[in-house]
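>>> let me see the structure of the following:
(chains A and B)
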Number of protein chains: 2
Amino acid sequence: MSLEELFRRDLAVVNVGLASFAEAIRETGGRAVHLDWRPPAEGDRELGMALAHLLEDPRVGEANAEAFERFLDAHPVLVGVGTAGEVIPGMGERTILHAGPPIAWADMCGPMRGAVIGAALFEGWAAGREEAEDLAERGEIRFDANHHHGAVGPMAGIISPSMPVWIVEDRVNSTRTYSNLNEGLGRVLRFGANDESVIARLHWMADVLAPILGAALEVGGEIPIKPLVAQALHMGDECHNRNVAASSLLFRRLAPAMLRTGHRPEEVAAAIDFIVGNDHFFLNISMASAKAMADGAHGVPGSSLVTAMARNGVEFGIRLSGTADEWFTAPAPVIDGLYFPGFGPDDANRDLGDSAIAETVGLGGFAMAAAPAIVQFVGGTAQDAIAYTREMRDVTMGPNPAFTIPALSFNGTPSGIDALRVLDSGTAPVINTGIAHREAGVGQVGAGVTRAPLECFRKAVRSLSEGMQRATAAAG
Amino acid sequence: MSLEELFRRDLAVVNVGLASFAEAIRETGGRAVHLDWRPPAEGDRELGMALAHLLEDPRVGEANAEAFERFLDAHPVLVGVGTAGEVIPGMGERTILHAGPPIAWADMCGPMRGAVIGAALFEGWAAGREEAEDLAERGEIRFDANHHHGAVGPMAGIISPSMPVWIVEDRVNSTRTYSNLNEGLGRVLRFGANDESVIARLHWMADVLAPILGAALEVGGEIPIKPLVAQALHMGDECHNRNVAASSLLFRRLAPAMLRTGHRPEEVAAAIDFIVGNDHFFLNISMASAKAMADGAHGVPGSSLVTAMARNGVEFGIRLSGTADEWFTAPAPVIDGLYFPGFGPDDANRDLGDSAIAETVGLGGFAMAAAPAIVQFVGGTAQDAIAYTREMRDVTMGPNPAFTIPALSFNGTPSGIDALRVLDSGTAPVINTGIAHREAGVGQVGAGVTRAPLECFRKAVRSLSEGMQRATAAAG
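Numbers count the residues shown, from 1 in each chain, chains lettered A, B, ... in the order given. Prediction:
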């Protein structure tokens, strides 16, 4: 668009400075867009104008209202446990799904490579690590992003065909989402560990744990997840890096049914030991449910609602409801966090995992006011935790009445991230996260708070703007 | 003491008004006592002078320091389950223990009478309700206060010889404390219900549940309670009227061991169903542990630390560390609370139960800042919950480092209630509590926040003062 063209169009007032000034223009019937002092797109004039047009475009407003309503309406229910290759759509043989936006084997970070090798060993595609690496390098493993298949996984997020997965169904749209089962802490696949103990645990999870859990859901009935998350938020969880309440509540639901599955008592006892030993057992269900809520809002033309934020350890990617399956990526951030003894930022991999789907739907960093105790893990003070939640109101479409925060007078979690508001305010979505060692298999080295890169939102808004212009041209 | 005598004694400055004025006197080496504007003892001059002397008495200060240290050192551990008549010291045949300070059958409130009748039926002392009442009226049942036997019980708090009880041991003093097992909500003995379903449940708890729990503690090991309470405080409990986190954490500890007791699987499954169906299952353990901590501080001559607050539904009673086993009583308050639909203050029994032992040790109303969601149950706002905790700093000896509150920058719960400070400030200890219907067996009709009557503290301080004067006279 040339400057000449620009001035022929209706001009919206762009207010850079006090919001009250823009409010005054609006009150007198004018059209105004408020921009915080931080110039959007770091002063990129063309992008700033595109942003202004989108903020004023009634089609965008309507699309966002619809997408946000769909998001709030989503009703994820934990319905079962299945085998990835059998239940995840479009997952062929010799396929490995991974966290974040798409990435090739050659570009993967250490923990993801380690997890891929582990998955190949677990599947029996290779007898040893070198053979597994050869397979990957020769292109004999097909890689794809979890998000392309309704799936999500924490950290490396590796899902191979024989792995068990949670199945969550959104009762409103009858769509299904998936996540792998949480392995616990220590030497685990999601941090790239792939030794014999890791592979043996994966086999036990597939052969013993998953059938018992699946049977328990049949015996005890499906579990609606939003009420469980709502209760956990009143119990100090934010359902990303604090899941102790949700895991405990889930266990209370599952345990009585597990005893009635008819499975061998010593196997049920081992399954129960495994669950009670893992405060993050609920995380993967939280993620699959968040994916269901985000997918509920996806695919509304013109909507700037963010429906995915995910990291593959190299790139951070986002998707918008109104830009179909396009990813908008930027280098994944290095996390400023609390490191475990003996580790520091030099050991850290860049931000990794699909778990930012929690923040995408207003949990995790967005709900930290509900979980002040998490600051002992990610750093900062309880006041910081409250401040993060308040700050995220600036970039979201509204509170989620299903997820209230007692300490904030039972206001709902800020949810429905609007890419336009992110860019308009220059406020990047906050994400709390574990930190993986950059080398495969070392495991978690810390935790902290990071931000989604603004570059992702700049690319997304450009794409949305171009799409709207094409739509206008097609309509004209 | 005559006025003449009074003026022959050393005089302490009593500063009524700005605390800073008293501070200034102290800074220049003088002796001053600050009194808040509310005149202590409602202007009772003699009591005010006694209070001033006690506040300045170094023996009291030393006694309180010792008592508070003992309180903080207490280390309650859940060690087992036993039968009341066999494990509670001094509990003879045909004895029924009850909540609160001692009370005779003729004076008992409706819910307590109903529970006594239920206990007589459960024990097989009577075949019907009238026979049970006759027994009680003829004096053929011996009544005594739980607190006289190291025991505590919520609401009516009725413990009869065949009932199962939790056994908590304080590892520092090797003393044991006890509480009955929580029956759940609805028609239950502690609210005075005594129909067949109530008696049948009590038999099942004694015959099936208790042996499994006892065996589980043997198989799985004893459970230190302070770390569990500490974790629950980070998960939105205050461990009096909100126990959902603590109950869940306890269940996670007990369940794996329950499966390994060798008890019949269908009985273990029923026991697990019972526990997961009760968000207050932990309450009675919280109370027995609180009793252990309070008892740890009891019996320090000269100490004004409050070691018991308890209600029998007619009277509210307190005990001090330095006044041995004396009770200081006043009429139990009527509770201003949130009533369940169809009920109001006219239906309410006066404050009832030993559960204020929670507040006695800095939990419950004193820890409400940790549990903002409880205001949905007891009324008020999340800000009120924080304000209660802050206010209780005025009447306590210090924070308990074992029990931190994330929302208050991880400060400890205010604990070690000092009867002198209560009277000095006119600030009555806050207690959150369930409200029982005044008639036996109707059950809970609401919940709310109440205050310990100041009259109890006036009596206690008078007694402590007289004791110190006797000690002075004996020494002189």
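>>> let me see the contact set for residue A:466.
Under the criterion of CB atoms under 8 Å, 6 or more residues apart in numbering or on different chains, residue A:466 has no neighbours. (C-beta placed from N, C-alpha, C; glycine too.)
>>> distance of the closest residue to residue A:263 other than its chain neighbours relative to chain B?
Distance criterion CB to CB, 6 or more residues apart in numbering or on different chains; nearest residue to residue A:263, sequence neighbours excluded, is residue A:212 at 5.0 Å. Per CB to the nearest CB, to the nearest Å, residue A:212 is found 13 Å from chain B.
>>> element containing residue A:51?
According to DSSP states H and E, residue A:51 maps onto helix A:45-56.
>>> helices and strands around that helix, which ones?
strand A:32-35, helix A:419-425, helix A:454-475 (3 or more CB pairs under 8 Å, 6 or more residues apart in numbering or on different chains; DSSP states H and E).
>>> residues of the stretch 1-150 of chain A that sit close to chain B?
Neighbours of chain B within the stretch 1-150 of chain A, by CB under 8 Å from any CB of the partner chain: none found.
>>> determine how far the helix holding residue A:51 lies from the middle of the whole chain.
Per CA atoms, centre = their mean, to the nearest Å, the displacement of helix A:45-56 from the mean C-alpha position of its chain is 27 Å.
>>> ok, residues contacting the helix or strand just after it?
Per DSSP H and E, the first helix or strand lying C-terminal to helix A:45-56 is helix A:58-73. Helix A:58-73 is contacted by residues A:54, A:172, A:293-294, A:296-298, A:300-305, A:321-322, A:361, A:397-398, A:400-402, A:415-416, A:418, A:420, A:464, A:468, A:471 when judged by CB under 8 Å, 6+ apart.
>>> buried subset of these?
A:54, A:293-294, A:296-298, A:300-305, A:321-322, A:361, A:397-398, A:400, A:402, A:415-416, A:418, A:420, A:464, A:468 (16 or more other CB atoms under 10 Å in any protein chain shown).
>>> can you tell me which of those residues are in helices?
Among these, the residues falling in helices (DSSP state H) are A:54, A:293, A:294, A:296, A:297, A:420, A:464, A:468.
>>> for those residues, which one is nearest residue B:431?
Closest to residue B:431 out of these is residue A:293 (40.7 Å), distances taken as CB to CB.
>>> residue A:149 versus the closest one, what's the distance?
In this view, residue A:293 and residue A:149 are 17 Å apart by CB to CB, to the nearest Å.
>>> which strands and helices lie in contact with the strand or helix carrying residue A:113?
Using DSSP H and E, residue A:113 maps to helix A:110-123. Judged by 3+ CB pairs under 8 Å, 6+ apart, helix A:110-123 is in contact with strand A:95-98, helix A:129-137, helix A:196-204.
>>> just checking, what packs against the helix or strand following the last one?
Once helix A:196-204 ends, the next helix or strand along the chain (criterion: DSSP H and E) is helix A:210-220. When contacts are defined as 3+ CB pairs under 8 Å, 6+ apart, helix A:210-220 sits against strand A:76-83, helix A:244-258, helix A:265-276.
>>> okay, the ones you listed, which one's buried deepest?
Comparing these by mean neighbour count (mean count of other CB atoms under 10 Å in any protein chain shown), helix A:244-258 comes out on top with a mean of 23.
>>> tilt between that one and helix B:244-258?
Here the directions of helix A:244-258 and helix B:244-258 differ by 40 degrees (axes from the mean of the first three to the mean of the last three CA atoms, to 10 degrees).
>>> just confirm yes or no for helix A:244-258 near chain B.
Yes. In terms of CB under 8 Å from any CB, part of helix A:244-258 sits within range of chain B, namely A:244, A:245, A:248, A:249, A:251, A:252, A:253, A:255, A:256.
>>> for chain A, name the helix or strand with the lowest mean pLDDT.
Lowest mean confidence among the helices and strands of chain A (mean pLDDT, DSSP states H and E): helix A:19-27, at a mean of 47.
>>> contacts only, for residue A:205.
A:163, A:164, A:181, A:183.
>>> nope, residue A:309 is what I was after
If a contact means CB under 8 Å, 6+ apart, then residue A:309 has A:316, A:317, A:318, A:356, A:357, A:359, A:360, A:417, A:429, A:431, A:452, A:456 as its contacts.
>>> in strands, which of these appear?
A:316, A:317, A:318, A:417, A:431 (DSSP state E).
>>> any idea what the third one is bridged to?
Think residue A:318. Here residue A:318 sits in beta bridges with residue A:309, residue A:328, going by DSSP bridges.
>>> ok, now the fourth one?
Residue A:417 has these beta-bridge partners by DSSP bridges: residue A:396.
>>> ok, it touching residue A:395?
Yes. Using CB atoms under 8 Å, residue A:417 is in contact with residue A:395, at 5.8 Å.
>>> any shared contact partners between these two?
Common neighbours of residue A:417 and residue A:395 (criterion: CB under 8 Å, 6+ apart): residue A:429.
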